[in-house]
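Enquirer: requesting a structural model of the entry that follows:
(3 chains)
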Amino acid sequence: MSAKKIFDKEVTRRQFLKVTGKGVAGLAASTSLLNLFGLTKAEAESGAVSVMATADGVLVANGARCTGCQRCEVNCTLLNDGKAMPYISRVKVLRNYYHGNDGKEGGIFGSFDYTPDTCHQCEDPACLKACPMGAISVRESDGVRVIDKDKCVGCGACARACPYGMPTIDPETNKSTKCVACGFCAANCPCGALKIVKWEDVAAAMA
Amino acid sequence: MYAWTGKILRLNMTTKTATIEDNKYCKEYLGGQGLADRIIYDEVPTGTHPQDDASKIVIAAGTLCGTGAACSGRTSVALMSAFTEVPTIVDAHMGGNMAPQIKFSGYDAIIVEGKADAPTWVKIHNDEVSFEDASGVWGLGTRKTTEILNQEAGPEYCVCAIGPAGENLVNDSIIVNSMCHAAGAGSGAVFGSKKLKAIVIHGTKSVAVADPMKTLELQQYQLRELIGVNNNHVQPSNQQSWNEFVGATRWQGGPGKMWGEAIGGPLDTGEQKPGDINAIGMRNHTINFFMGNDDIAFKHTVKTGGCYSCPIRCFPDLHFDALKEYGTQYNTATCMTLMHTGDYYNGHINDFVDPGDGALTLGSHIQWLMDDYGVWCGYGDLDYTFAYCMKNDIFKQKLSAEEYAEIPWALQEAGDPQWANEMVSRIATKKGEFGRVLGLGSLWTAKEWGFPDSFWNEATGTYFNFKKGYIRHHSSESFGQVGGLVNIVFNRDSMCHTHQNCLGNGLPYDIVKGVLEEKFGEGCADKTACYTPMNPAKAKFAKWSIVRNNVHDSLALCNWVWPMTFSPMKERGYKGDTALEAKLLTAVTGEEWTEESVDFVGERIMQLQRAMTALELNSKNLRADHDGVSDWVFDRDPDKAAFTEGTTKLDRADWETALDLYYEEWGWDKATGIPTRATLEKFNLADLADKLEAAGLLPA
Amino acid sequence: MTNEKEHVTPESGQEAMPAGEEALDRPAEELSPEEQLEQEKRQRWARCAEAVREQGKEEQYLTLSDLCAWQEMEKDDAAAMMRELMEQEEYKDICVYQGAKDLYYYTYPTLAHNYVKNVALAQEDDLPHTIAETVRYESKIYPRATAIETFSKFPYHYTEIQTRRALELMAKLPEYADIETYVSGKKKTYIFSTKYLSRAYASSLVEMQEDVRIWL
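Expert: Numbers count the residues shown, from 1 in each chain, chains lettered A, B, ... in the order given. I've put the predicted structure just below:
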């Protein structure tokens, strides 16, 4: 039973990645997926939305709904690190909050346009390839790229290699804190700006 | 140590040095306001004017700040006041991101002392502190200052800045962070007097939490079962499928209520069932609540915003095409100035684009300018004073003919946004008598321009405290004597929402009464405008309101949402959980805290403030010298008697009884309203008792 | 996916099972005629309760009229059947609102009693009755005078002109003698019931509510 479930999930995941390609452009063409993600076509095309494949489903980050409370950041570290430390959060809002993702026109000092940054769980992960210790690997069960804390020496190669600036070295433990797609940020986002849509539902929408 | 950092950062502006010291007051004062008040008492001599060399300002984070607790992003500020008769201890508060960054930098508070010889901004990144040249940003508004300093320091830094008002030592001035989160009470002028343009701070440390899983569990319990919206209104203003009650509440979101200018097109806020954590942030729209008018504020909403770690987004982010030419088209704010457009425009308000959009559009423009120039409205004190001047032709009488002729009144009459630029910039730069006097605060404006006592007495519903220079903040119109008693003890508008949050929350009176009577006893909460004579239960309710307010300002949780007295859930009988603060404090500190033990600290803070106030006023009798109220409180609605249906007027003799019972609850001498030695010693404030005694002010 | 099953804990499942059900859990041909009738009744309950709960998920109720059409029953029989159903422990979430024209079955607390009442009132489309019901309730319970625009919002959606016409009509009818109006300082019309609120009190509550400064 469980084997079949994982198999289904993986198929859906691959199909989904094919539809969305490298961004959300493909998403705008699929009305059923847009409905499922609670997005309008305009939102998907606005640049304020990102989607990412995680273990449980698709993580949708919708800047139109992000109101900058940063609860995702602190929830991430309370759960994963047992302390409150937004700096090492695997979802990042603060850096976009004041002046926008591009640091210019958006943010609360501009047009209010800003979006949480999330790990892309890249098909070809630069973090994994950069790690000299082989501490980053692909988890077999769901394809998520995870960090082996015992192997990690906190050199920061992953953080430098990531084109999206997502992994952060915790200066207090000297370990990298890459996203493990636990979905806790989304489950507790008060505006639904982060949302996990289950693979079962994604499969149905793509059928 | 858990939750606290145990450290305080001292910035000496004279020597441009930063020192890190131990925080010896963690347990005794919790943090935030309690800590800040205590430091002011310890370090600033009684009678020090806020802009004197010896003056200091303390900017403090709360115990729960940074731990992820809901609504824990507020910053408490303590300073001496300039808008009052003599300098007194006052607290000011701001939301935004300042306090969490203080905490993540490794401090519980920042003390600013001394005076720099030239404009300076201070950059703080954890233990690294540098004093930077601010000559390039001196004179600029808070927004441009932030933009420039973020470019210098980094995009993630929180900039807490003053505008021209602070630089020019205007009594009514603010410090402001994150666009619109401002602490008032003249804090801007204290920065300005120290030539401190901004504190720019980003921390990358952790806040240790004793029991992270318990902390998360308590938060989820709160978000699922207890929290409502701003003012803890717990029922929506519209009928959704789940709610039994509909009220005139700040819970404005609901099916068909759209963020009209959302990125990617209008966004329906949808149903917001209790238990659905992902919809909490879609509930609140404070400005739409105030504006009404066919959801005009929703129409101009891009999204909402608010403070760090708060799921209740009480600051709508607004956009107005019509304001583009003034550069104020994007604004975010929650209430106050935005609601007083009519005062500043003497009623001259025209539509911009849609019918009825004038007050909102112009109001947003004024608010934008107030925050940029760093001018404080004093919870409407400036607005009211200005309106009084217009109504009574004061400007014509008091300004020179040349100055009067030079002010472009035609802009005001035309409802032109440029009028607000004229008005706000004059106050911020003390331009002419108009600018200089209006920025002093109502007490000094009244003195300088010779207002009659009727200014205070006849302004029904405005100045509860007689001739004090601060406006009522949920006084006798909120639960009669309870709100009145809450309002008399502070040295500024009371800013206490504990009692107010039980009013207008959408629930029927009988439910509200039931929950409150269980806590305070029979007769504690009268029906609106249907009051009964004073009783001990009301004194308990009033005292607890302040005690819990102090707890919130010290933890620091937002008293505009907390405590969780009520719940939106019918399954709970709409009863909240007032022990949640203590439960959270226990989870984050690993120490046992109870409702009683946190309230004990909240009470200590009031006892400290009260004793400080007696010293500052050099008063042997605060009952007479400090707690006096205006005549309108008893004389409003002349055709109705007190304690009859349809009036909120109080009765003079009953008010004296109210003071007696209230002072008794606090352990204050009945005749003088000053804490007794026994009371002060109970709260480990024997040093205050000694000082009062030495000054001859301690009750016998 | 059988969602309902997941929500039933073993204990509550036991508890919910009515006495004698096990006895009826046999093929129909093995049952006595009385037992067969009992079994049919229980099966109908289950179907009807399921239908009400399904409606609840869509934020809807099930009217007696629709139930009768679907189950091919007479109104009195169906109403009696539902009355009996609602007495059973396992269907204690099923409630009914008795309107003037129909009965409305719904699940609580999925749907609020007042939500159902208000939507039913809107569906019955008797504006004077709706005004009287709503105004009396609000005057008594909150207490407050009801803003006239209440009837222009969900679920009623009448125009203000329609509401004003209804008020004019009501003024002539003795059964609505307690319904009065008050025009505020901001020139807005409010409606209240003198059974529960005096004019003086109702007007002072309105003026306080409209005074924005009180609520800032």
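Enquirer: give me the nearest residue to B:Lys56, chain neighbours excluded.
Expert: Distances taken as CB to CB, 6 or more residues apart in numbering or on different chains place B:Glu113 nearest to B:Lys56, at 4.5 Å, with adjacent residues excluded. Bear in mind the C-beta positions are built from the backbone N, C-alpha and C, glycine included.
Enquirer: typed the wrong thing, it's B:Pro408
Expert: With CB to CB, 6+ apart, the residue lying closest to B:Pro408 is B:Glu422, at 5.9 Å.
Enquirer: average model confidence for the longest helix seen in chain C?
Expert: Determined from DSSP state H, the single longest helix within chain C is helix C:33-57. Averaged across helix C:33-57, the pLDDT comes to 93.
Enquirer: so which elements touch whichever helix or strand comes after that helix?
Expert: Using DSSP states H and E, the helix or strand that follows helix C:33-57 in sequence is strand C:62-63. On a contact count with 3 or more CB pairs under 8 Å, 6 or more residues apart in numbering or on different chains; DSSP states H and E, strand C:62-63 meets helix C:33-57, strand C:103-107.
Enquirer: tell me which of the ones you listed sits most buried.
Expert: Ranked by mean neighbour count, the helices and strands packed on strand C:62-63 are led by strand C:103-107 with a mean of 24 (mean count of other CB atoms under 10 Å in any protein chain shown).
Enquirer: contacts for it?
Expert: C:48, C:52-53, C:55-56, C:60-64, C:67, C:79, C:82, C:93-98, C:116, C:120 (CB atoms under 8 Å, 6 or more residues apart in numbering or on different chains).
Enquirer: now do that strand and helix C:33-57, the angle between them.
Expert: 80 degrees (axes from the mean of the first three to the mean of the last three CA atoms, to 10 degrees).
Enquirer: strand C:103-107 pairs with which strands, parallel or anti?
Expert: According to DSSP bridges, strand C:103-107 forms sheet pairs with strand C:62-63 (antiparallel), strand C:94-98 (antiparallel).
Enquirer: tell me which residues in the longest one are buried?
Expert: Right, the one you point to is strand C:94-98. Using 16 or more other CB atoms under 10 Å in any protein chain shown as the test for burial, strand C:94-98 gives C:94-97.
Enquirer: list just the nearest of the residues you listed to B:Gly358.
Expert: C:Tyr97 (43.4 Å; CB to CB).
Enquirer: so what pairs up with the nearest residue to C:Asp93 once chain neighbours are set aside in the strands?
Expert: Of all residues not flanking C:Asp93 in the chain, C:Thr107 sits nearest, at 4.8 Å (CB to CB, 6+ apart). Counting by DSSP bridges, C:Thr107 forms beta bridges with C:Ile94.
Enquirer: how near is C:Thr107 to C:Ile94?
Expert: Distance of C:Thr107 to C:Ile94, computed by CB to CB, to the nearest Å: 6 Å.
Enquirer: got it, and B:Gly31?
Expert: Taking CB to CB, one finds B:Gly31 at 51 Å from C:Ile94.
Enquirer: ok, now B:Thr429?
Expert: The value you get for B:Thr429 to C:Ile94, if CB to CB is used, is 69 Å.
Enquirer: how about B:Met258?
Expert: B:Met258 is 35 Å from C:Ile94, by CB to CB.
Enquirer: what does stretch C:171-185 rub up against?
Expert: Applying CB under 8 Å, 6+ apart, the contact partners of stretch C:171-185 are C:128, C:131-132, C:135-136, C:145, C:148, C:167, C:170, C:189-195, C:199, C:202-203, C:206-207, C:210.
Enquirer: list buried residues within those residues.
Expert: By 16+ other CB under 10 Å, the contacts of stretch C:171-185 give C:128, C:131-132, C:135-136, C:145, C:148, C:167, C:170, C:189-193, C:202-203, C:206-207, C:210 as buried.
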